[in-house]
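**Student:** Provided below are the primary sequence and the corresponding predicted coordinates.
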Amino acid sequence: MALNLEYYRAFYYAAKAGSYSKAAEKLCVTQSAVSQSVHRLEAQLGVSLFRRAPHGMALTNEGEQLLPHVEVALSSVEAGERKLKRIRDLAEGEITIGATESGLTHYLLPRLPVFQSRYPNIGIRIKGSQSKELLDMLKIGTIDLALGVTPIPADLPFSITYLREFQDAFFAGPNFWDLRGKVLEPKALLHYPLVAASVGSSFSSNLSSWFNQWGLQFSPQISVLTTTFVLPFVQSGIAVGCAPDLFVDRWISGGDLFRIRLTENPPKRKIFLATNPELPLSTASQEFIRLLQNRDLY
């Protein structure tokens, strides 16, 4: 049997008010609409729900039996409606964001305070991973949006917005002071111990393709899990570091570390924002994306 919520709503308010006209006022409809809904519900159920009373109308025994069940159901539905309104009005909700280390550190974190100050009751969950894995998560819907870094496949079925450009750079410390001020050919870098993020990352993929132009293989002596682990190896003089200049320029500022100059630099890359058009975005996610894309705010 098909369930029409409006029939039950009309029955409930008529039962509580003891009057079709008072129920109509509560529901902001006509008295006729309430009466018709109740009569249709009675016809559907095959019972009479109201009887005439000296001062209006009263429930039949069948109506008395039905009312508490309808009250519980409508209470649950209306609670759900209130919750959805709060979510729609950004009074509550949650966003799950996937981010690479570069996307998190140099794009997401500086912008989070603006969003949180406006919508303090929206929860933020962040899942960190490499770009390829983030896109896999986005495909199956375990994250709402992804902040990754290029390179990525060109035929992805996602909506992609490029947010910020950067370049991979090489840097060193006092143990490699002879490189300071020199301009090296890229192949000369392979004569030095290198430390870089792990194979399989967008960073490693970009540099591998770059060195392959000269028939060279990019194979760092030290492979670390994330970019921030590169810094201690350079500071201790163990190796020459490779990292996005977003990190390198901050690390070398005012210290003993320096950036290595090259005759040719690696291809520039970009931080991107990706969403899956096949998955609906919540109001909170839409507003968060709007803030991410509004460069005038920062």
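**Tutor:** Received it, and whenever you're ready, just let me know what you need.
**Student:** residue ranges with poor pLDDT in the stretch 1-150 of the chain?
**Tutor:** Applying pLDDT under 70 to the predicted model, the residue ranges of the stretch 1-150 of the chain that meet it are 1-2.
**Student:** Let's see that with 90 instead.
**Tutor:** 1-5, 17-19, 52-57, 74-93, 130 (pLDDT under 90).
**Student:** Please enumerate the strands of the chain.
**Tutor:** Under the criterion DSSP state E, the chain contains strands at 50-53, 56-59, 93-99, 122-128, 145-149, 159-166, 168-172, 183-184, 194-197, 222-224, 240-244, 258-259, 261-262, 269-275.
**Student:** where along the stretch 101-250 of the chain do the helices fall?
**Tutor:** For the stretch 101-250 of the chain, applying DSSP state H, counting those that start in this stretch gives helices covering 101-103, 109-118, 131-140, 202-212, 230-235, 245-252.
**Student:** Kindly reformat these as TSV containing mean neighbour count and distance to residue 89.
**Tutor:** The C-beta positions use only the backbone N, C-alpha and C, and glycine is treated the same way. TSV is the format used below for these (neighbours: other Cβ atoms under 10 Å; distance: least, Cβ to Cβ, whole Å):
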stretch	mean neighbour count	distance to residue 89
helix 101-103	25	29
helix 109-118	13	12
helix 131-140	19	26
helix 202-212	19	38
helix 230-235	20	44
helix 245-252	19	36
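**Student:** TSV please, covering the ones you listed and showing distance to residue 269.
**Tutor:** As requested, these are arranged in TSV below (distance: least, Cβ to Cβ, whole Å):
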stretch	distance to residue 269
helix 101-103	9
helix 109-118	19
helix 131-140	10
helix 202-212	6
helix 230-235	16
helix 245-252	10
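**Student:** In contact with the residue lying closest to residue 142 once chain neighbours are set aside, which residues?
**Tutor:** With Cβ to Cβ, 6 or more residues apart in numbering as the criterion, residue 142 has its nearest non-adjacent residue at 7.2 Å, and that residue is residue 96. Counting by Cβ atoms under 8 Å, 6 or more residues apart in numbering, residue 96 makes contact with 125-127, 142-144.
**Student:** Check residue 40 too.
**Tutor:** Applying Cβ under 8 Å, 6+ apart to residue 40 gives the contacts 4, 7.
**Student:** what's the most distant pair in the contacts of residue 96?
**Tutor:** Longest distance between any two of the contacts of residue 96 is 12.6 Å, between 126 and 142; criterion Cβ to Cβ.
**Student:** still on that earlier bit, how about the strands of the chain in a markdown table, adding distance to residue 230?
**Tutor:** Shown next, in a markdown table, are the strands of the chain (distance: least, Cβ to Cβ, whole Å):
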| stretch | distance to residue 230 |
| --- | --- |
| strand 50-53 | 77 |
| strand 56-59 | 75 |
| strand 93-99 | 18 |
| strand 122-128 | 16 |
| strand 145-149 | 15 |
| strand 159-166 | 15 |
| strand 168-172 | 9 |
| strand 183-184 | 19 |
| strand 194-197 | 5 |
| strand 222-224 | 6 |
| strand 240-244 | 5 |
| strand 258-259 | 13 |
| strand 261-262 | 17 |
| strand 269-275 | 16 |
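**Student:** Turn the buried ones among the contacts of residue 96 into a named ChimeraX selection, would you?
**Tutor:** Applying 16 or more other Cβ atoms under 10 Å to the contacts of residue 96, the buried members can be selected in ChimeraX as follows:
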select :143,144
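**Student:** out of the contacts of residue 96, who's nearest residue 13?
**Tutor:** Closest approach to residue 13 among those (Cβ to Cβ): residue 144, at 38.3 Å.
**Student:** Need the nearest residue in space to the closest one, chain neighbours excluded.
**Tutor:** Closest residue to residue 144 in three dimensions, ignoring its sequence neighbours and counting by Cβ to Cβ, 6+ apart: residue 285, at 4.6 Å.
**Student:** Distance check, residue 197 against residue 224.
**Tutor:** 6 Å (Cβ to Cβ, to the nearest Å).
**Student:** With neighbour numbers in mind, choose between those two.
**Tutor:** In terms of neighbours (other Cβ atoms under 10 Å), residue 197 is the more surrounded of residue 197 and residue 224; the figures are 27 against 18.
**Student:** thought residue 13 was touching residue 29?
**Tutor:** No - with contact defined as Cβ atoms under 8 Å, residue 13 does not reach residue 29; the gap is 9.9 Å.
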